[in-house]
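Engineer: Sequence unavailable; structure follows:
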Ligand SMILES: C[S@@+](CC[C@H](N)C(=O)[O-])C[C@H]1O[C@@H](n2cnc3c(N)ncnc32)[C@H](O)[C@@H]1O
Ligand SMILES: [Zn+2]
């Protein structure tokens with residue numbers, strides 16, 4: 001499994017597997033809850049302002065990905081994800097775990113997915129028990145040593161830039177996906193009655209460059225799909241944009257529609 005570090009404040013010792021739990025040399029201990037993931041959450045993390053996605057959002061994302069709407073995106077990302085022997089990848093805000101096995105299926109021992117939602121991490125561990133799945137707050141501390149990770153992945157997930165810069169190996173890769181300007185634009189136009197377009201990838205590059213990473217490549221992924229009403233409801237429920245009750249109500253009246261899916265994919269090096 002992926003070698004984890006202790007998340008107790010100011011500890012960060014290696015966690016060794018002992019009697020089906022993890023223990024560090026300072027005596028901190030983490031049980032393995034049923035369900036095949038590690039709970040490295042600290043008491044202060046539970047009070048986080050961003051407690052992770054709600055169960056509804058996680059399940060909507062799960063159904064969405066099961067329908068295959070991200071298959072093309074996975075194909076576009078794959079060339080950036082090769083891990084050599086002994087290589088390590090960390091997926092920040094991994095969600096319900098479709099992307100881990102799709103991108104790193106050949107290297108289960110090198111993969112670690114982190115999420116703050118118990119529902120998400122449970123689904124992920126069930127899908128791919130060979131990977132290492134961690135319930136933790138990626139914004140506080142990444143459970144890895146300095147310069148030890150070959151590939152950081154953040155797919156519509158978290159970007160704790162200082163922590164990314166700390167754990168990434170020199171020359172290691174950081175691959176980020178953010179929603180593209182046109183993502184779900186037809187839906188946003190109908191439901192929010194604004195459909196504001198905005199491009200965020202340049203800002204993400206600036207933030208990561210400020211922490212010392214070097215920009216390598218940007219590519220735009222875009223496709224068009226016909227969505228049935230149940231898929232439209234899931235697109236709204238899983239989305240990062242808060243959907244208010246009134247908007248939900250308008251969504252219920254939507255018929256099938258053709259919708260653009262778009263993401264900006266960015267590659268940086270440590
Ligand atoms: C938009 S979802 C993307 C999930 C997955 N990468 C995907 O593309 O399907 C964002 C994920 O980040 C998780 N998350 C939010 N805050 C977090 C935090 N502080 N630490 C770890 N994960 C977090 C949420 O629970 C959610 O699963
Ligand atoms: Zn410890």
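Structural biologist: Structure's in. What do you need? Here the structure is a predicted model, which is why all the values come from computation and not from measurement. Ligands and ions are numbered 1, 2, ... in the order given.
Engineer: how about residue 209, secondary structure?
Structural biologist: Of the three states, residue 209 takes helix according to DSSP: H, G, I helix; E, B strand; the rest coil.
Engineer: which non-adjacent residue is nearest it?
Structural biologist: residue 215 (6.1 Å; Cβ to Cβ, 6 or more residues apart in numbering). (Glycine included, C-beta is placed from N, CA and C.)
Engineer: Is the one helix or strand residue 217 maps to in proximity to ligand 1?
Structural biologist: Assigning secondary structure by DSSP states H and E places residue 217 in strand 214-227. No. Strand 214-227 does not reach ligand 1 (Cβ under 6 Å from any ligand atom); its nearest approach is 12.6 Å.
Engineer: close to ligand 2, is stretch 139-158?
Structural biologist: No. Using Cβ under 5 Å from the ion, stretch 139-158 stays clear of ligand 2, with a minimum separation of 10.4 Å.
Engineer: what's the residue of the stretch 101-250 of the chain found nearest ligand 2 sitting at in phi/psi?
Structural biologist: As assessed by Cβ to the ion, ligand 2 sits closest to residue 143 within the stretch 101-250 of the chain, at 10.4 Å. Dihedral pair for residue 143: phi -80, psi 60, per degrees, to the nearest 10.
Engineer: and it, what does it touch?
Structural biologist: 4, 5, 6, 7, 15, 40, 112, 114, 134, 136 (Cβ atoms under 8 Å, 6 or more residues apart in numbering).
Engineer: And the helices in the chain?
Structural biologist: Secondary structure of the chain (DSSP state H): helices at 55-66, 71-77, 99-104, 118-127, 161-167, 185-191, 201-210, 229-238, 245-252.
Engineer: could I get those helices as a markdown table with distance to residue 262?
Structural biologist: A markdown table is the format used below for the helices of the chain (distance: least, Cβ to Cβ, whole Å):
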| stretch | distance to residue 262 |
| --- | --- |
| helix 55-66 | 15 |
| helix 71-77 | 10 |
| helix 99-104 | 17 |
| helix 118-127 | 23 |
| helix 161-167 | 24 |
| helix 185-191 | 8 |
| helix 201-210 | 11 |
| helix 229-238 | 13 |
| helix 245-252 | 20 |
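Engineer: Indicate which one of those helices is closest to ligand 1.
Structural biologist: When the helices of the chain are compared by Cβ to the nearest ligand atom, helix 118-127 sits nearest ligand 1, at 4.4 Å.
Engineer: how about the closest one against ligand 1, any contact?
Structural biologist: Yes. Helix 118-127 reaches ligand 1 (Cβ under 6 Å from any ligand atom) through residue 120.
Engineer: Now do that helix against helix 55-66: the angle between them, please.
Structural biologist: Following axes from the mean of the first three to the mean of the last three Cα atoms, to 10 degrees, one obtains 30 degrees for the angle between helix 118-127 and helix 55-66.
Engineer: so how many other residues sit close to residue 99?
Structural biologist: Applying other Cβ atoms under 10 Å, we find 24 residues neighbouring residue 99.
Engineer: same question, the one 3 residues further on
Structural biologist: Under the neighbour criterion other Cβ under 10 Å, residue 102 is assigned a count of 18.
Engineer: Now do the contacts for the residue lying closest to it once chain neighbours are set aside.
Structural biologist: The shortest distance from residue 102 to any non-neighbouring residue, by Cβ to Cβ, 6+ apart, is to residue 74 (4.7 Å). By Cβ under 8 Å, 6+ apart, the residues touching residue 74 are 99, 102, 103.
Engineer: Quick check: of those residues, which lies closest to residue 81?
Structural biologist: residue 103 (4.5 Å; Cβ to Cβ).
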